[in-house]
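Q: what would the 3D arrangement of this be:
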Amino acid sequence: MRFGAAVLRSYESRFTVEEVLLNTGPADGEILVKIAGCGMCRTDLAVRRSAGRSPLPAVLGHEGAGVVVETGGPHTGLSNDDHVVLSFDSCGRCRTCLDAAPAYCDSFASLNLFGGRKENAARFTGVAGDELAPRWFGQSSFAEYAVVPARNAVRVEPSLPVELLGPLGCGFLTGAGAVFNSFGARPGDTIAVFGAGAVGLAAVMAATASGAVTVAVDRHPERLALAERFGAIPLHATSPDLPGRIRHLTDGGAYYALDTTASAQLINDALRALRPTGHLGLVARLHTTLPLEPGALDRGRKISHICEGDAVPGLLIPRLTGLWQAERFPFDELIRTYPLADINEAERDCEAGRVVKPVLIPEGRKR
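A: Predicted structure coming up:
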């Protein structure tokens, strides 16, 4: 089977949209999905800065959604023509997976970031026979089709706009999951969100849906305007005495704070903005030592890393689509679509902050 895909062949090169070859269909426990749309996440773009740890050439993309066209084996739980959202890969067998924490799977890094599943890896190649890295995040969905472990796929209602749903599998799942799962936010709680990008704005929407009072911090007025539209109190990141301003706005300090920026200064500001026993969650990967200012962790405050919103995708994604149908999680307002052929333009716009969430739409071709 031949189909179009966006291939990254070196850490410095542009994506090239070219034909790739799938030599065999889905194996037992897998599905073949015709991709309707795939979000572009900063984790995809961070491959360029991965110091060779992510093998290339590869087809990236891990916020895919589409329609099942073939199933492998009798136990996938899915059928042809099912609409699905694709999320991260996990083994399903380790202690954390069995404890309903698949984002902390013992094999998360190897399955998702550093080469993917090795079974049947050689079946996915360029048309010249050159091997492509096997399944980024279990998907490699910057493409017209993707072979995916059925465990990664969440069935959704066919009435939903499937081409826009892919970011619910990672970016929006992470922000909303941090609020719903990691924090367990309730009406009247107070949450400070640092960084109003895709993850941060999803957290703002989830906090508003939870009935929490939310402060959104960012440097870009247009992002703050979006946060305000979704129910947050906007606050510029360079405001004098930022922690004091947040404590004032939240009547003594936020119960929870979410940092999406990896800025050491803002992380310290977030800790100081918490009330006693408050919880700061970090979702961005830190690349340097994090210096904590004296007193930042006093009075029972705590800090933790949050991966994939502590989510079980099969539970959280239907919750998010239900909130969207109820007009309480308007994630579609953050999306701009691009043809797959324009993936390099989408990357430039994403890096420049001109778009919150690019979604790539494959151009269908008869085979």
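
Q: quick one: low-confidence parts of the stretch 1-150 of the chain?
A: For the stretch 1-150 of the chain, applying pLDDT under 70 flags the ranges 51-52, 115-116, 120-121.

Q: what do you get for the stretch 201-350 of the chain?
A: In the prediction, the stretch 201-350 of the chain carries no residues with pLDDT under 70.

Q: doesn't residue 276 belong to a strand?
A: Yes: according to DSSP: H, G, I helix; E, B strand; the rest coil, residue 276 belongs to a strand.

Q: ok, now which ones touch it?
A: Residue 276 makes contact with 253, 299, 300, 301, according to Cβ atoms under 8 Å, 6 or more residues apart in numbering. Using the backbone N, CA and C atoms, a C-beta is placed for each residue, glycine as well.

Q: the closest residue to the first one other than its chain neighbours - how many residues pack around it?
A: Translated: residue 253. In space, and not counting its chain neighbours, residue 253 is closest to residue 275: 3.1 Å by Cβ to Cβ, 6 or more residues apart in numbering. Neighbour count for residue 275, taken as other Cβ atoms under 10 Å: 17.

Q: which residues touch residue 275?
A: By Cβ under 8 Å, 6+ apart, the contact set of residue 275 is 190, 247, 250, 252, 253, 254, 255.

Q: how about the contacts made by the closest residue to residue 113 other than its chain neighbours?
A: Excluding the flanking residues, the one nearest residue 113 by Cβ to Cβ, 6+ apart is residue 54, at 6.2 Å. Contacts for residue 54 were tallied using Cβ under 8 Å, 6+ apart; they are 47, 113, 114, 115, 133, 136.

Q: separation between the closest residue to residue 23 other than its chain neighbours and residue 143?
A: Once flanking residues are discounted, residue 23 sits nearest to residue 123: 4.2 Å by Cβ to Cβ, 6+ apart. Counting by Cβ to Cβ, to the nearest Å, the gap from residue 123 to residue 143 is 14 Å.

Q: picking up where we left off before, if you rank the contacts of residue 276 by neighbours, which is first?
A: residue 253 leads the contacts of residue 276 on contacts (other Cβ under 10 Å) with 23 neighbours.

Q: next up, the contacts around that one.
A: Going by Cβ under 8 Å, 6+ apart, the list of residues near residue 253 reads 190, 246, 247, 273, 274, 275, 276, 278.

Q: you'd agree the fourth one is up against residue 193?
A: By that I understand residue 273. No: Residue 273 lies out of contact with residue 193 (Cβ atoms under 8 Å); the separation is 11.0 Å.

Q: give me the common contacts of the two.
A: In contact with both residue 273 and residue 193: residue 257, using Cβ under 8 Å, 6+ apart.

Q: in the stretch 1-150 of the chain, which spans are strands?
A: Ranges of strands in the stretch 1-150 of the chain, per DSSP state E, counting those that start in this stretch, are 2-8, 16-22, 30-39, 58-59, 64-71, 83-86, 124-126, 145-149.

Q: how much space between the residue nearest to residue 253 and residue 251?
A: As for residue 275, its distance to residue 251 is 9 Å (criterion: Cβ to Cβ).
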